[in-house]
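Visitor: sequence plus the predicted model coming up.
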Amino acid sequence: MRPTQPFDSLKSSRLISSDMSNVAVSWTGGKDSSLALYETEVSGCEINCLVTFAPSQESFLAHPIAFMRLQAQALGLPHHVINIEEPFERGYENAISSLKEERGINVLVTGDIGEVAGHDPNWMVNRGERCGVDVLRPLWHRDRLELLNKLLSLGFKVIFSCVKRPWFTGEWLGLELSHSSLERLRELSEQTGLDICGEQGEYHTLVSDGPRFRKSIKIVTYSKHVKDSTMYISLENLQLVDKDT
């Protein structure tokens, strides 16, 4: 498999072969991993589980583990949180190897869209190759605005959970991705040069509902916090609710 190919070119017998019958999705709870999960599954692949690689000394301000566990319940999928120790190359390889050995995982899906400044774009692909696990990136190098519009057209409910100065103000925290907020985001991108999908870490998101969700996640209360140039929400009361309520 050539993980750098556009996803559409992988919709072949190779993609939907028995080699794709035991797939794990690298999960952050945000828009990119959610759309990657959706597109991988509708292509005919069998999703085994969600996996969150969690460096043990990071606080995951933008990606609360408790929220991700509710997402897994709403999606009806197992969720595994694997702590990663330094050196990170070995830590990730150990984690991927454990997925392969304990759950039979042969493909790992990520929501990566493009290169991140200062990072090897094939870093995760290389980790997987060393473990004998293919890394599939269904969103890789696709048009960013089209991906955001696809999230809206499919009915994903996406909120901004973490934003950074100088691109954003605190009013974006908790804001839902909509056609109007997407237009504001597009204008910001033109004015400041920010990556409209936040691939350089300018912002992060959480998904509370989507086409595959059996239930919706209701954020009852949250608070806003500031840490240096980072602004984020702290989720204080969450509920799984029926989708028709």
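Guide: Alright, I've got the coordinates. No experiment lies behind these values; they were computed from the predicted model shown. Residues are numbered from 1 along each chain as shown.
Visitor: what about the strands in this structure?
Guide: 23-26, 47-55, 79-84, 107-109, 134-136, 157-164, 203-209, 215-227, 230-242 (DSSP state E).
Visitor: quick check: domain ranges of this structure?
Guide: 19-136, 144-238 (automatic domain parsing).
Visitor: quick one, which of the ones you listed gets closest to residue 244.
Guide: Nearest to residue 244, of all the domains of the chain, is domain 144-238, at 9.3 Å by Cβ to Cβ. Where C-beta positions appear, they are placed from N, C-alpha and C, glycine not excepted.
Visitor: quick revisit: which of the domains of the chain comes out lowest on mean pLDDT?
Guide: With a mean of 92, domain 19-136 has the lowest mean pLDDT of the domains of the chain.
Visitor: from the chain's centroid, how far away is that one?
Guide: On the basis of Cα atoms, centre = their mean, to the nearest Å, domain 19-136 sits 9 Å off its chain's mean C-alpha point.
Visitor: the domains of the chain into JSON lines, with extra columns for distance to residue 244 and mean neighbour count?
Guide: Output for these, formatted as JSON lines (distance: least, Cβ to Cβ, whole Å; neighbours: other Cβ atoms under 10 Å):
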{"stretch": "domain 19-136", "distance to residue 244": "14", "mean neighbour count": "18"}
{"stretch": "domain 144-238", "distance to residue 244": "9", "mean neighbour count": "16"}
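Visitor: now distance to residue 121 too, for the strands of the chain, in TSV please.
Guide: As requested, these are exported to TSV (distance: least, Cβ to Cβ, whole Å):
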stretch	distance to residue 121
strand 23-26	15
strand 47-55	17
strand 79-84	19
strand 107-109	16
strand 134-136	12
strand 157-164	22
strand 203-209	20
strand 215-227	28
strand 230-242	24
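Visitor: quick one, which of those strands is nearest to residue 94?
Guide: Between the strands of the chain, strand 79-84 lies closest to residue 94; by Cβ to Cβ that is 8.3 Å.
Visitor: so which residues of the protein form helices?
Guide: 31-42, 65-75, 88-103, 123-131, 144-154, 179-192 (DSSP state H).
Visitor: summarise which helices and strands the fifth one is packed against.
Guide: Judged by 3 or more Cβ pairs under 8 Å, 6 or more residues apart in numbering; DSSP states H and E, helix 144-154 is in contact with helix 31-42, helix 179-192.
Visitor: now the ones you listed in JSON lines, with distance to residue 165?
Guide: Shown next, in JSON lines, are the helices and strands packed on helix 144-154 (distance: least, Cβ to Cβ, whole Å):
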{"stretch": "helix 31-42", "distance to residue 165": "21"}
{"stretch": "helix 179-192", "distance to residue 165": "11"}
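Visitor: out of those helices, which gets nearest to residue 75?
Guide: That would be helix 31-42 among the helices and strands packed on helix 144-154, by Cβ to Cβ, at 7.8 Å.
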